[in-house]
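Peer 1: this one's structure only:
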């Protein structure tokens, strides 16, 4: 008997059924910074998530793609985890890869990027992926800013192995 995959809602119409490309760089993936945390959280939600970084081949056993064009027609949403200065051709690359939306993390959105997305007809979603994560009660989860910023947002439980 095959179980159906449970689909959870995320921000602004996105769900765990969408496929994601997490855009970062070597430092943000290897040093377990925001890009790595977002990628791991999406995988824990049960989403198909691809890491994208130029000078990195593998991370935690997964292939890292050098750019969005390598993922043409594989992803529906791009999650940039870089500063706006490093996102030069993001919107044009995303549009050419067939992406329907860009989920801008905190401090990655700018008015210029918004205008580019509007002209390319790419949906803009704003807010942190980590707001939808269930944080364990033990420890200091009350001090985590993602816990408080997403206090009332829909939460996605981590997938359980063997279930």
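Peer 2: Ah, there it is. Note that the structure is a prediction, hence the values are computed from the model and not measured. Numbers count the residues shown, from 1 in each chain.

Peer 1: For residue 43, grab the count of nearby residues.
Peer 2: Look at residue 43: counted by other Cβ atoms under 10 Å, it has 18 neighbours. All C-beta spots, glycine's among them, are computed from the backbone N, C-alpha and C.

Peer 1: Check residue 55 too.
Peer 2: For residue 55, the tally of surrounding residues (other Cβ under 10 Å) stands at 9.

Peer 1: Could you pull out the helices in this structure for me?
Peer 2: 26-30, 34-44, 90-96, 111-120, 145-149 (DSSP state H).

Peer 1: Buried deepest among those helices, which one?
Peer 2: Most buried of the helices of the chain, by mean neighbour count (mean count of other Cβ atoms under 10 Å): helix 34-44, with a mean of 22.

Peer 1: which residues are contacting that one?
Peer 2: Identification of contacts with helix 34-44 by Cβ atoms under 8 Å, 6 or more residues apart in numbering yields 20, 22-25, 28-30, 49, 51, 53, 59-60, 79, 81-82, 105, 129-130, 132-133, 158-159.

Peer 1: and what of stretch 67-75?
Peer 2: Stretch 67-75 is contacted from outside by 19-21, 23, 50, 52, 54, 65, 78, 93-94, 96-99, using Cβ under 8 Å, 6+ apart.

Peer 1: The same query, at a cut-off of 10 Å, please.
Peer 2: For stretch 67-75, contacts defined as Cβ atoms under 10 Å, 6 or more residues apart in numbering pick out 18-23, 48-50, 52-54, 63-65, 78, 89-90, 92-100.

Peer 1: Quick check: mean pLDDT of that stretch?
Peer 2: Averaging pLDDT along stretch 67-75 yields 90.

Peer 1: how about it: buried residues?
Peer 2: Neighbour-count burial for stretch 67-75 flags 68, 71, 75 (criterion: 16 or more other Cβ atoms under 10 Å).

Peer 1: which one of those residues sits closest to residue 120?
Peer 2: Closest approach between the buried residues of stretch 67-75 and residue 120, by Cβ to Cβ: residue 68, at 13.1 Å.
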